[in-house]
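Student: Structure for the following, please:
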Amino acid sequence: MKSLVFGMLAVWLGTLEVGAQSRPVLLPEPQSVQYGTGTLALANLTLPPPTNAPTDVVFALGEFRKWIREQTGLPLKTVTSAAGATLRYSIQKPGQDLPGTDDATNGNAREQYRLTVRPKGIDIAAETSTGLYYAVQTLRQLVQGTGNRSFLPTVTIQDRPKLAYRGVMMDFAHGGLLTVAEIKRQIDFLARWKTNQYYFYNEVSIQLDGYPTLNYRASYSKAEVRSILAYARERHLDVIPFVNFYGHLHELIRNEKYASLGIGTYGHELDPRKPAVQAVLKDWIGQYMTLFSSPFIHVGFDETWETKRLASDPKTGLNPENLYIDQLAFVSQELKKYGKTLMAWTDMSAFYPDIIARFPPDVVPVIWEYSPDTTNMYRYLNPVLKERKPFFIQPAVSGWGHLYPSADYTYENINLCLQVGLRHQTRGFITSVWTDSVEPLVRASWLFMAYGCIGAWQGKVPEKTGFPKAYTAVMYPRLAGELGPALDHLARAGQHLEKCLGKNTQSLPRGTLVESWSNPFSTYYLTNTAEHLADFQAVRQQTEEAQALLITALQKAAKPDSGMITSLLMTARLINYSAQRFLWAKAITDRWNDAMVTRKQEDYVFYDLTYPCHSLLVDAMDETGELKTAYAQAWLDECLPYRLNTILGRFDVDFGLWRKLHLNVLDYKIQQKKTEPVPMFEVLFKPDF
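Tutor: Purely as a prediction, here's the structure:
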């Protein structure tokens, strides 16, 4: 009898252990999660009828039905009366589907919800339809199994965000312009992490009436923007116009028609002293305010370095601080007419520490800091704290100088900004995604965008070491075994590449991308490759492991996931090539110099370098050509054609380098241009673009 009891106890304990191990990953982590015993079979779940329900409620329940079908293959049933449904909901306040300007000061209850799953049904109690939408996002993560075996664990969850405003800023000014379909994919993605703001960073990439030649065929129509706004609103994301109204306007000022608006010559910044500047901005502001309904607008006002540079000449009589405040005051007055809450960056305080005191009282300062450096953080934050102004804080995905974002650097930057922001009662948190260097595919940043959004809801960032595993378990549950490790390999490849490259970053902090296209045969880079040989080889080893996993995942993936995996695979191949081109240059020069200079015998050196099927120079040509085609396909899956040729030209130049060397080495062999002693490869052939 004792043995039977102990046996039953062991089985029961084993069942509990299996149940605990199989509990789903929830991101963001809810404030309170209490699991019970038993499960709810999804085959027994029924939805209430949409009759008389508000549009936002119908949408949330419709999305839940769609997600369940996608995840499990199980169609949920709708019953004829709410009383007969096993999914029940209550909403306290109608409307309020987007953040208001007082969410951070009115108790921040708009997005809270209580979710209870029992063996016989689901109950959701939400403050607004936003809370209902976030509750069904959590339900989506709780689902386990497929088909008739799919189920939800019994659980009670209470949740609300730590921060009222949780946004992502997407750069639509510098790099490729995402297609409208890709922007909507991003919005769906961000909604999964309960993000509620999407900052549309634009300089001249939205078509405005009266400016037909401005970025022609490289901008979004107003109709396209309206479709994005409507799509985001359904998912409770407020799309906020983010327009630079002072600096970063080269694409306007470079046009002869508007060159006189600039403070320099074909430069970057407007001249606040000119009435024509105010006339243009009044027109722009009117058009933007008609297009965007958000109560917020971010006006940039960062990096006005051109004015500061020109002011160094005393003959100009320029006072950059006064000009900045004059321009900010003008823009603020104009936006007041539309009842907007204006946000602006504060980096000018690094040069003029008292400038924050001169900000118009209605302007909300936004502190940006893109490094995990506490000193830099407080250099910008202290002037704001001194004036006791409410503020937002803005970290960034460190991807603008890398093919794959610098992972640890990004995690630490987001973590520092969140900790410091919460310590000083930040109103909101904005994770930036910049595309300055154009080449990196934006999808490589999605992991890190999620990291920032999750941290802003939870009030703490996820544990960074295990984050790729947890993230892929939520995003790609059937592919997590491949994708989680692949992301780790990409991050490690980037760490190794940062040890090899990054001295010349072209103002892209710590970036490896600029140098990755440098002449690998130059004396400096041949020496650099020899010194960092092991790290260059490790880059290739890590990216090859990533490629193997991504190819396996691609073979198993459903169509909706294949685009993301293809982008990551393209990224892995590009990083691999960044290392290969330096390693191949060293291998080519070493092979020639050993045979022809040191040992003074051909020893099949021409075969190894130029054999038309497989040789080092042919390898390089093959890989460059293949990458160009694959890259163009990956780019166009994300972006409009604008700026694509700027990048494809890099492949053409590189192909020309390898092809020219191939011909020169063959010519040397054919014509027997031999001298004694034979010069070293880099001296004899002078490899250059």
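Student: all contacts plus neighbour counts: C-alpha atoms, from now on.
Tutor: Fine.
Student: Nearest residue to the middle of the chain?
Tutor: Against the mean C-alpha coordinate of the chain, by C-alpha atoms, centre = their mean, the closest residue is residue 445 at 3.4 Å.
Student: quick one, what contacts it?
Tutor: 397, 399, 404, 405, 433 (C-alpha atoms under 8 Å, 6 or more residues apart in numbering).
Student: And the residues you listed, which is closest to residue 655?
Tutor: Checking these against residue 655 by C-alpha to C-alpha gives residue 404 as the nearest, at 23.0 Å.
Student: Just give me the neighbour total for that closest one.
Tutor: Residue 404 is flanked by 27 other residues according to other C-alpha atoms under 10 Å.
Student: Can you give me the distance of it to residue 528?
Tutor: Residue 404 sits 22 Å away from residue 528 when distances are taken as C-alpha to C-alpha, to the nearest Å.
Student: coming back round to it: could I get the contacts of residue 445 as JSON lines with pLDDT, distance to residue 325 and secondary structure?
Tutor: Listed next are those as JSON lines, based on pLDDT from 0 to 100; distance: C-alpha to C-alpha, whole Å; DSSP: H, G, I helix; E, B strand; the rest coil:
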{"residue": "397", "pLDDT": "98", "distance to residue 325": "30", "secondary structure": "strand"}
{"residue": "399", "pLDDT": "93", "distance to residue 325": "32", "secondary structure": "coil"}
{"residue": "404", "pLDDT": "98", "distance to residue 325": "38", "secondary structure": "coil"}
{"residue": "405", "pLDDT": "97", "distance to residue 325": "35", "secondary structure": "coil"}
{"residue": "433", "pLDDT": "98", "distance to residue 325": "27", "secondary structure": "strand"}
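Student: possible to save those residues as CSV with distance to residue 621?
Tutor: Formatted as CSV, those follow (distance: C-alpha to C-alpha, whole Å):
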residue, distance to residue 621
397, 33
399, 27
404, 24
405, 27
433, 33
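Student: and which of those is nearest to residue 61?
Tutor: Taking C-alpha to C-alpha as the measure, residue 61 sits nearest to residue 433 out of the contacts of residue 445, at 31.1 Å.
Student: check contacts around that closest one.
Tutor: Neighbouring residues of residue 433 by C-alpha under 8 Å, 6+ apart: 168, 169, 170, 171, 396, 397, 398, 399, 400, 445, 449.
Student: For the residue nearest to residue 120 when sequence neighbours are not counted, pull up the helix or strand it's in.
Tutor: On the basis of C-alpha to C-alpha, 6 or more residues apart in numbering, the spatially nearest residue to residue 120 that is not a chain neighbour turns out to be residue 40, at 6.4 Å. Using DSSP states H and E, the element containing residue 40 is strand 32-41.
Student: quick one: strands adjacent to that strand?
Tutor: Here the strand partners of strand 32-41, with direction, are listed using DSSP bridges: strand 151-159 (antiparallel).
Student: now the strand it pairs with: mean pLDDT?
Tutor: Computed over strand 151-159, the mean pLDDT rounds to 98.
Student: tell me what the next helix or strand along the chain from it is packed against?
Tutor: Remark: after strand 151-159, the chain's next helix or strand is strand 165-171, criterion DSSP H and E. Where contact means 3 or more C-alpha pairs under 8 Å, 6 or more residues apart in numbering; DSSP states H and E, strand 165-171 is packed against strand 197-202, strand 428-433, helix 446-458.
Student: can you put those in a markdown table and add distance to residue 578?
Tutor: Conversion of the helices and strands packed on strand 165-171 to a markdown table gives the following (distance: least, C-alpha to C-alpha, whole Å):
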| stretch | distance to residue 578 |
| --- | --- |
| strand 197-202 | 30 |
| strand 428-433 | 23 |
| helix 446-458 | 22 |
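Student: that older thread, buried sites along the strand holding residue 40?
Tutor: Residues of strand 32-41 classed as buried: 39, 40, 41 (neighbour count, 16 or more other C-alpha atoms under 10 Å).
Student: So residue 268 versus residue 218, what's the distance?
Tutor: With C-alpha to C-alpha as the criterion, residue 268 and residue 218 are 19 Å apart.
Student: would you list every one of the helices in the stretch 51-200 of the chain?
Tutor: For the stretch 51-200 of the chain, the helices defined by DSSP state H, counting those that start in this stretch cover 55-72, 129-142, 180-192.
Student: Go ahead and measure how far the second one is from the middle of the chain.
Tutor: The one in question is helix 129-142. Its chain's average C-alpha position is 23 Å from that of helix 129-142, according to C-alpha atoms, centre = their mean, to the nearest Å.
Student: what's it in contact with?
Tutor: For helix 129-142, with C-alpha under 8 Å, 6+ apart as the criterion, the contacting residues are 24-26, 56-57, 60-61, 64, 67-68, 89, 91, 93-98, 110-115, 124-126, 152-153, 192, 194, 235-236, 474.
Student: Can you give me the buried ones in that helix?
Tutor: In terms of neighbour count (16+ other C-alpha under 10 Å), helix 129-142 has its buried residues at 129-142.
Student: residues of the longest helix belonging to the chain that come out buried?
Tutor: Within the chain, and with DSSP state H defining each element, the longest helix by residue count is helix 559-592. Applying a neighbour-count criterion of 16+ other C-alpha under 10 Å, one finds 562-586, 588-592 buried in helix 559-592.
Student: Tell me the buried residues in stretch 617-626?
Tutor: By neighbour count, and taking 16+ other C-alpha under 10 Å as the criterion, the buried residues in stretch 617-626 are 617, 618, 619, 620, 621, 623, 624.
Student: neighbours of residue 43, just the number please.
Tutor: The criterion is other C-alpha under 10 Å. On that basis, residue 43 has 15 neighbouring residues.
Student: just residue 689 next, same as before
Tutor: The number of residues packed near residue 689 is 13, by other C-alpha under 10 Å.
Student: Check the gap between it and residue 656 for me.
Tutor: Where residue 656 is concerned, residue 689 sits at a distance of 7 Å (C-alpha to C-alpha).
Student: same question, residue 248
Tutor: 34 Å.
Student: Between the two, tell me which one has more neighbours.
Tutor: For residue 248 versus residue 656, the count of surrounding residues by other C-alpha under 10 Å is larger for residue 248: 26 against 16.
Student: quick one, phi psi at the more buried one?
Tutor: Here the main-chain torsion angles of residue 248 (degrees, to the nearest 10) amount to phi 60, psi 40.
Student: Please list all residues in contact with it.
Tutor: Going by C-alpha under 8 Å, 6+ apart, residue 248 touches 203, 268, 269, 303.
Student: go again using 10 Å as the cut-off
Tutor: Taking C-alpha atoms under 10 Å, 6 or more residues apart in numbering as the contact definition, residue 248 lies against 173-174, 202-204, 267-270, 300-306.
Student: Among these, which one lies nearest to residue 597?
Tutor: Relative to residue 597, the closest of the contacts of residue 248 is residue 174; by C-alpha to C-alpha it sits at 47.7 Å.
Student: Determine the number of other residues adjacent to that closest one.
Tutor: 17.
Student: Can you pull out the low-pLDDT segments for the stretch 451-600 of the chain?
Tutor: Scanning the stretch 451-600 of the chain for pLDDT under 70 picks out 507-509.
Student: Let me see the ranges of the helices in it.
Tutor: In the stretch 451-600 of the chain, helices defined by DSSP H, counting those that start in this stretch lie at 467-475, 480-500, 523-531, 533-556, 559-592, listed in chain order.
Student: picking up where we left off before, render the CA-only coordinates of the strand holding residue 40 in PDB, please.
Tutor: The C-alpha trace of strand 32-41 is given here as PDB (Å, rounded to 0.1, in the frame of the first residue of the first chain):
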ATOM      1  CA  SER A  32       1.000  39.500 -11.000                       C
ATOM      2  CA  VAL A  33       0.700  35.900 -12.300                       C
ATOM      3  CA  GLN A  34      -0.900  33.100 -10.300                       C
ATOM      4  CA  TYR A  35      -1.200  29.700 -12.000                       C
ATOM      5  CA  GLY A  36      -3.800  27.200 -10.900                       C
ATOM      6  CA  THR A  37      -4.400  23.600 -11.600                       C
ATOM      7  CA  GLY A  38      -6.100  22.300 -14.700                       C
ATOM      8  CA  THR A  39      -6.500  23.700 -18.200                       C
ATOM      9  CA  LEU A  40      -9.000  25.200 -20.500                       C
ATOM     10  CA  ALA A  41      -9.400  23.300 -23.800                       C
END
